[in-house]
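> could you look at this predicted model? Sequence included:
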Amino acid sequence: MAENERQLANAIRALAMDAVQAAKSGHPGMPMGMADVATVLYSDYLKFDPDAPGWPDRDRFVLSAGHGSMLAYATLHLAGYAKPDIEDIRNFRQLHSPCAGHPENIELDGVECTTGPLGQGLGMAVGMAIAERHLNARFGDELVDHHTWVVAGDGCLMEGINHEAIGLAGHLRLGRLIVLWDDNNITIDGETGLSTSEDIPARYAATGWHTVSCDGHDPADIRRAIDAALADPRPSLVACKTLIGFGAPNKQGTSATHGAPLGEDEVAATRKELGWEHAPFEIPEAIKSAWEGFGRRGKESHNEWKERIKSHSNKTEFKSALDGDTSALDISAHVKKLSEEQPKVATRKASEMALTVLTEQLPSMVGGSADLTGSNNTKTASTNPMTANDYSGRYIYYGIREFGMAAAMNGMALHGGIIPYGGTFLVFADYCRNAIRLSAIQQKRVIYVMTHDSIGLGEDGPTHQPVEHLQSLRAMPNLRVFRPCDAIETAECWELAIQHDSGPSLLALSRQGLPPLRHDVTFNHCERGAYRLRAAESARKVVLVATGSEVSLATEIAGKLEAEGQGADVVSMPSTNLFDAQDAAYRNDLLPSNALIVSIEAGSTYGWERYTGRDGLRFGVDSFGASAPISDLFNHFGLTADKITPQILAKIG
């Protein structure tokens with residue numbers, strides 16, 4: 001390896017080992033091992049402009065092995081990005097430093113996605129590659145023509161999501177996706193042979209990927225392998241054979257460099273081994289200048305792109321898509337029609353009705369389902385299938401890949417130009433929960449369509465009947481959970497989900513038909529999370545708070561209470577998250593202290609005491625469900641007017 005090129009890579013190694021040593025925690029081994037690969041990538045291949053990190057046609061670089069975050073911070077700093085500066089790197093892993101333990105997209109430009117949960121970076125990269133091909137089909141090579149690069153470790157390739165993600169990528173033949181595998185045979189526990197003996201390239205090849213290997217410390221060989229990947233129409237896995245902790249004479253090649261500082265003595269020995277004579281956090285001007293030169297190549301590409309877009313016929317539409325513009329959204333005619341026709345439909349069907357309008361108005365919406373299209377009702381006339389032969393389609397058949405679907409949707413949202421939504425059963429939110437969590441952490445608009453939301457799905461039984469799911473999802477920060485009660489509320493919840501561009505939304509929808517309850521469509525009643533659907537006729541003694549399919553049950557109970565001379569309000573609460581954000585006056589008006597507060601939801605009662613108080617009543621399902629027809633189940637679990645009304649009357653005396 002040329003001395004100068006090795007020193008360019010050694011700058012990464014030095015920053016990584018010094019930052020981890022200063023923090024007294026971190027993972028120096030991966031960035032030290034992959035420094036040569038990263039240097040070749042930045043010098044010869046990666047298309048980026050450090051002065052315009054949001055340039056839409058930049059290459060996307062995803063550090064899926066997020067524990068090696070110093071690889072990202074070092075390369076961003078060296079290549080001339082405004083942040084992180086050297087003080088940020090000195091404060092690696094410290095409070096308020098943008099150089100967090102794992103890369104966070106909301107902290108630094110140039111960090112394309114938040115990674116750390118292994119495998120999800122690769123899963124999100126699949127979504128970015130999908131977005132690139134879709135937008136290319138829509139706007140052409142002049143505006144969209146870039147690659148998605150991934151650095152992944154052995155852990156990323158072991159995680160179950162890897163199977164889902166690479167299967168989808170291979171099926172869609174995403175040839176602009178290149179994974180650089182840090183093939184170092186080491187995990188935290190020790191050598192990979194302790195836990196795996198599979199042939200990883202064969203697994204990738206079986207899913208339709210091109211595979212090639214190289215010496216990860218030989219720039220010429222790295223270039224040969226990357227050139228082969230670029231020349232192949234399939235997505236590519238480049239197995240970069242590396243030595244973890246390269247340069248640490250006593251620890252390289254061992255798990256000792258994986259997740260702990262090298263130690264002062266080994267840092268000193270590494271400096272000597274690498275011929276790096278500079279003080280901690282000191283980068284020679286010649287090396288910094290060479291790195292910044294890599295960005296100048298990208299700046300030229302960016303300037304050429306800016307000239308092309310000036311005269312492009314679709315520049316306004318392109319900018320609108322990349323900005324996430326939803327100004328064309330207008331559900332007024334749709335909800336007016338619903339108010340007039342008053343359909344009795346399942347909210348999953350009501351969702352399809354709303355989507356029919358939304359997908360026609362918003363061409364950036366790209367939907368899909370994890371093999372439950374006919375059950376989730378997620379496909380519309382405007383969303384033709386996206387295939388390897390036609391990337392212009394707006395509907396993805398994800399197959400039975402809930403986790404992979406959720407991660408890919410995150411990637412699409414991160415890429416920009418797409419508003420992704422995808423469906424599965426609510427009970428299978430558990431399969432994609434960690435990706436939903438990353439949607440929330442990354443503050444991205446991803447919409448989860450979760451149907452079959454309670455025991456109301458009937459005979460499929462407890463394995464498919466969600467019980468604890470709603471409350472556990474509501475507990476997730478920055479996730480808006482909606483459970484509408486009828487077709488009008490469903491449309492309103494969809495409107496709110498589309499308008500919310502700083503976090504994900506989840507719509508929990510019924511399998512069973514629900515009666516129309518709303519008539520007034522003068523404004524979006526759901527935007528405050530809860531509202532008084534029906535006011536007491538007699539002196540108010542009770543407030544019935546319900547969500548989704550149980551709102552109609554609450555209105556039936558209210559009628560029985562009124563017949564006994566006991567006034568009852570009915571409050572529909574489609575979103576506890578939005579209701580909690582309202583001011584105290586509004587919340588107290590709906591849930592006054594001088595009334596008995598009763599919650600009704602066909603799910604766990606856990607958490608409802610925050611609304612009912614300790615002296616209120618909570619009706620729900622606090623055990624796993626059962627296999628039976630819907631009416632039998634609601635009767636069995638006590639969710640009927642005849643069973644609830646006497647208990648309320650007894651409570652109010």
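It's in.

> sec struct for the closest residue to Thr612 other than its chain neighbours, please.
Leaving aside its chain neighbours, Thr612 sits nearest to Ile597 (4.3 Å; criterion: CB to CB, 6 or more residues apart in numbering). From N, CA and C alone the C-beta is placed, and that goes for glycine too. Here Ile597 is recorded as strand under DSSP: H, G, I helix; E, B strand; the rest coil.

> what's the burial count for Ile597?
Counted with other CB atoms under 10 Å, the neighbours of Ile597 add up to 23.

> pLDDT wise, what is it at?
Listed pLDDT for Ile597 reads 98.

> is it true that it touches Arg540?
No: Ile597 is beyond contact range of Arg540, at 11.3 Å (criterion: CB atoms under 8 Å).

> ok, so what distance separates Asp371 from Thr424?
Distance, Asp371 to Thr424, using CB to CB, to the nearest Å: 8 Å.

> more neighbours, these two?
For the pair Asp371 and Thr424, the greater number of neighbours falls to Thr424 (28 against 17), based on other CB under 10 Å.

> surely the more buried one forms part of a strand?
Yes: the assignment for Thr424 by three-state DSSP puts it in a strand.

> ok, for it, nearest residue in space, not its chain neighbours?
Ala370 (4.4 Å).

> and what about Asp238, helix, strand or coil?
Actually, residue 238 is Val rather than Asp. strand.

> excluding chain neighbours, give the residue nearest to Leu46 in space.
Nearest residue to Leu46, sequence neighbours excluded (CB to CB, 6+ apart): Asp59, at 5.2 Å.

> Ser314: what's it in contact with?
If you look again at residue 314, you'll see it is Asn, not Ser. When the contact criterion is CB atoms under 8 Å, 6 or more residues apart in numbering, the partners of Asn314 are Phe139, Gly140, Leu143.

> pLDDT value on it, please?
In this model, Asn314 is scored at 96, pLDDT.

> roughly how far does it sit from Gly140?
Distance, Asn314 to Gly140, by CB to CB: 8 Å.

> and Pro420, by the same measure?
Counting by CB to CB, the gap from Pro420 to Gly140 is 22 Å.

> these two: who's more crowded?
Pro420 (29 against 15).

> how about the strands of the stretch 1-150 of the chain, start to end?
60-63, 148-152 (DSSP state E, counting those that start in this stretch).

> can you list those in JSON lines and add distance to Val521?
As requested, the strands of the stretch 1-150 of the chain are arranged in JSON lines below (distance: least, CB to CB, whole Å):
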{"stretch": "strand 60-63", "distance to Val521": "42"}
{"stretch": "strand 148-152", "distance to Val521": "43"}
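
> I'd like the ones you listed as TSV, with distance to Met573 and mean neighbour count appended.
Formatted as TSV, the strands of the stretch 1-150 of the chain follow (distance: least, CB to CB, whole Å; neighbours: other CB atoms under 10 Å):
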stretch	distance to Met573	mean neighbour count
strand 60-63	39	28
strand 148-152	41	27
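
> now do the residue nearest to Leu46: how many residues are near it, please.
The burial count for Asp59: 21, using other CB under 10 Å.

> my read is that it contacts His146, right?
Yes: proximity of Asp59 to His146 meets the contact threshold set by CB under 8 Å, at 4.9 Å.

> what's the overlap in contacts for the two?
Shared contacts of Asp59 and His146 (CB under 8 Å, 6+ apart): Lys47.
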